[in-house]
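> Sequence and predicted model, in that order:
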Amino acid sequence: MSLPVSVLPEGDKMIHLKTKMATCNLSSPMYNMMLILAGTEEEIAMRRTEMDICDYLYNQMTTVPLHRRTVGSVKEGLRMKSSDMDTLYFMTDQHVVGDLTDALSYDPATETVILMEYQEHIPGTVYLHIIHMHASIKGISTKSCIQKNSHTYLSSELFLENARSIYYGHNVTKHGPCQTNTVVENEYDGAVGFAGRKWPMQANDWITRCLKFGWPEKQIVESILSSGCNFVPIGSRQSRQDNDPNLDLEWRLSFVQAEQALVRVVNHSQFLCYALLKIFLKEVLNKDVKEEEKLLCSYFLKTAMFWCIQTDSTYKWSTETFFQGFWKCYKLLLKWVYTGYCPNFFIPQNNLFVCKIVGADQERLFTQMYHLYCSGERCLAKCSSLRKLMNKYLVDPQACEVSAYISFGEYDHDSVVYNSMQSINGLLNQELRYDWKSLYNVCHMDVSNLSNFEQILITRHVINLYHRIAFVEQCYCHCKTKCNRNRQTYEKHKKVGVTLLRLTSEFGCASDPLYLALFHYIDGKFRHSLNILEETKPKLYQDYIFYWTEYRNKQPYEREMLGKPMSIKMKAAMAFDITILLSTEFSELDIEIWLIKESKLRRCLVISPFVLLHFLTFLCHHHLASPLAAQSLGELHTLVHADNGRYIVYYTRDIAWDILGICHHLSGNLNQALLDYYSSLQQTTFHFITEAVKRRILLLQIELQVQNKS
């Protein structure tokens, strides 16, 4: 292709254009802007800890020999709009070894041993040869075996197809080695594969290179080597293009653990440079480009940053050189696009651009990137996130020279704590073991080396365990004297449940007493439930309450909570959605619970605490034939109709409208109930209650017909 002479390669360097480059005038304010967009060093560290704890708890409670490792931007500590949370799952009873002597370390009665076979002509890929498969193994691996030269191999193509069965959802599609699950318009990629304890020989040159350049440090290299690598089910692009008959035997080597370790050892200036590259990719290079037509991805950006850091130890990454660091990475990426060769950081012989950035696509991408390169620092003005800052800088560079210090205050800290507890709550919709055994395990954890933040997250997890166990105990003998168990046994289980929920009400967050109110309601103790609801209501409606993110009121929170212990802040100022098990005997939602359980699309119902508060209040007054039932229904009606997102998050609006319809139906307001049910169908589908709502509409229409005839 025809390229500008000014950027033609000259040896290993690229000739620079004589364009005015940014000085430290831009670097410092740009660095501060990235602190706002991506986060401070302490904030990033807390987010990473959050995901580490979530992965640890998941792996402790999984009901199958399958562990997870969260990957992607979220694991790295970013929470920008473009941040993705991908997940790598790997079998814990099936191990990949580098040579046959390693197989002796495993028990053939309970563990499967797989030998990786290197393919020198296809860097970055291996064949997985099954040496021994233990007799009790069932599932994905046994269905994915093929024979070749009288040996048994794992087919990546069959494995990828069979792996779909472990995903919980209605819209799961294949995306490379991953399965993409769409939940409330958000896409989550998950890959199922295998873990190898040892570092692959294909990547041994990386060790030599680290020692040569001194990055990362020797102890980090040793830690990375001991973590091994992973294998994901997809072959190389080259083999796919060549229609290689052995394509389905190829498995890609994945170094996600190593990459995460490297991201954590870069300094904050380098990390924010990576975040800026991601913003530039999303808002400029990939703007208005269809997903299937995107040529560059964030993995290439990370690779460029790693190469820049390692191969130029003399360059000092700092606040004052922030823009230059970004420009350094961008120029390397531009050179790679020009040459059509992006060397994998661990196996440089593996060209990440092969069969992807070639021909007309390569020329088009280079032309786009080259024109941006010519504009120098002005190219950042094309980023919508940075436009205000850049416009100010381009008018008067001196005006941006001194920027205010971006601090991470107590309110910011508490916001991260709250968001992290939301992630712990998110585990409730996973197929995990929330039982006495899990409680025993977590209670016997060694917490002596845990930080206060980590202990807070573990405490939130224990509270969730208490909630789950309490309702399981209630369901255990909910039929009371109608079964063979006597009433004494039932009372024993109920007492356990009440005790657990009283503890969570005392030491949990502002919304946790609602679980005890629900427990009493299901048990028929309506006045007990009302007492709790009346006590909880004023606490939930304080203006400083934390409930999700969009409507947090910083000033009231700082006025009331600043300087107080975290336990008090959690109890008085933090509220979470209420998660209801599908095994819960909640008769008013029996249609929804039953149909969701049958569809296997979700494992629980998630309801706004404000909606559940008014729902239970109405139900209790309704059962007591109290005139206050109409008042509580009116409050619920106003809440659902008038809320702008402050009290009902968008993904719980489907169940909120459904609940309002149920309440109007119970009150005899049939026409209003019908309108509410139809409103529920118009909301974003999160709970997959469409069929349940349609059934309620059908039953209501029959009731209206009977009423009209009479």
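Received, thanks.
> Stretch 520-528: which residues count as buried?
520-523, 526, 528 (16 or more other Cβ atoms under 10 Å). Glycine gets a C-beta too; all of them are placed from N, C-alpha and C.
> between those, which is nearest L581?
Of all the buried residues of stretch 520-528, L581 sits closest to I522, with 11.4 Å by Cβ to Cβ.
> Name the nearest residue to the most centrally placed residue in the chain, sequence neighbours excluded.
By Cα atoms, centre = their mean, the mean C-alpha position of the chain lies nearest to M85, the distance being 4.0 Å. Spatial nearest neighbour of M85, excluding adjacent residues (Cβ to Cβ, 6 or more residues apart in numbering): V74 at 3.8 Å.
> Quick check, that neighbour in contact with S83.
Yes. Between V74 and S83 there is a contact under Cβ atoms under 8 Å: 5.4 Å.
> The two: which has the busier surroundings?
Using other Cβ atoms under 10 Å, the more surrounded residue of V74 and S83 is V74, with 21 against 18.
> Give me the residues contacting whichever strand or helix holds that one.
Here V74, judged by DSSP states H and E, is contained in helix 73-76. Residues outside helix 73-76 that contact it (Cβ atoms under 8 Å, 6 or more residues apart in numbering): 47-48, 51, 80, 82-85, 260, 263, 278, 298.
> Pipe those into a markdown table and attach pLDDT, distance to G193 and secondary structure per row.
Shown next, in a markdown table, are these (pLDDT from 0 to 100; distance: Cβ to Cβ, whole Å; DSSP: H, G, I helix; E, B strand; the rest coil):
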| residue | pLDDT | distance to G193 | secondary structure |
| --- | --- | --- | --- |
| R47 | 97 | 25 | helix |
| R48 | 97 | 23 | helix |
| M51 | 97 | 19 | helix |
| M80 | 87 | 27 | coil |
| S82 | 71 | 25 | coil |
| S83 | 76 | 23 | coil |
| D84 | 76 | 18 | coil |
| M85 | 78 | 17 | coil |
| Q260 | 97 | 16 | helix |
| V263 | 98 | 20 | helix |
| K278 | 96 | 25 | helix |
| S298 | 94 | 20 | helix |
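> Narrow those residues to just the buried residues.
For the contacts of helix 73-76, a burial check counting by 16+ other Cβ under 10 Å picks out 47-48, 51, 80, 83-85, 260, 263, 278, 298.
> For those, give me TSV that also has distance to E377.
Below are the buried ones among the contacts of helix 73-76 laid out as TSV (distance: Cβ to Cβ, whole Å):
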residue	distance to E377
R47	29
R48	31
M51	34
M80	21
S83	25
D84	28
M85	32
Q260	31
V263	26
K278	18
S298	22
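> Relative to S407, which of the residues you listed is nearest.
For the buried ones among the contacts of helix 73-76, the closest approach to S407 (Cβ to Cβ) belongs to R47, at 17.3 Å.
> for the closest residue to the closest one other than its chain neighbours, phi and psi?
Closest residue in space to R47, ignoring its immediate chain neighbours: G77 at 4.4 Å, by Cβ to Cβ, 6+ apart. The phi/psi pair for G77 (degrees, to the nearest 10) reads phi 110, psi 0.
> Where is the longest helix in the protein?
Criterion DSSP state H: the longest helix present in the chain is helix 452-476.
> that older thread, could you single out the nearest of the contacts of helix 73-76 to E473?
M51 (31.3 Å).
> Report the contact partners of the closest one.
Contact partners of M51, counting by Cβ under 8 Å, 6+ apart, are 70, 74-75, 423.
> Which is the succeeding secondary structure element to the longest helix of the chain?
Downstream of helix 452-476, the first helix or strand assigned by DSSP H and E is helix 487-507.
> Summarise which helices and strands that following helix is packed against.
Counting contacts by 3 or more Cβ pairs under 8 Å, 6 or more residues apart in numbering; DSSP states H and E, helix 487-507 packs against helix 452-476, helix 513-522.
> Now do the helix or strand containing A191: distance to the chain's middle.
Under the criterion DSSP H and E, the helix or strand holding A191 is strand 186-196. Centroid separation for strand 186-196 versus its chain: 12 Å, with Cα atoms, centre = their mean, to the nearest Å.
> Can you tell me what sits against that strand?
Outside strand 186-196, the residues touching it (Cβ under 8 Å, 6+ apart) are 66, 72, 84-91, 94-98, 114, 116, 128, 140, 159, 163, 166-167, 175, 177-182, 228-233, 251, 254.
> now swap in stretch 155-165 and tell me
Contacts for stretch 155-165 (Cβ under 8 Å, 6+ apart): 139-141, 143-146, 172, 174, 177, 179, 192, 233-235, 247-251.
> what mean pLDDT does it have?
Averaging pLDDT along stretch 155-165 gives 89.
> Flag every buried residue along it.
By neighbour count on 16+ other Cβ under 10 Å, the buried set for stretch 155-165 is 155-163.
> Looking at these, spot the one nearest E506.
Closest approach between those and E506, by Cβ to Cβ: A163, at 43.5 Å.
> How much space separates that closest one from L389?
44 Å (Cβ to Cβ, to the nearest Å).
> now do F688
43 Å.
> same thing with L699?
57 Å.
> Comparing those two, which residue is more hemmed in?
With neighbours defined as other Cβ under 10 Å, L699 and L389 compare such that L389 has more, 20 against 12.
> can you pull the contacts of that one?
29-30, 33, 400.
> Now compare those and name the two farthest from each other.
Top of the distance list for these (Cβ to Cβ): M33 and C400, 9.7 Å.
> which ones are touching the nearest residue to N452 once chain neighbours are set aside?
Once flanking residues are discounted, N452 sits nearest to M566: 7.2 Å by Cβ to Cβ, 6+ apart. By Cβ under 8 Å, 6+ apart, M566 lies in contact with 414, 417, 452, 456.
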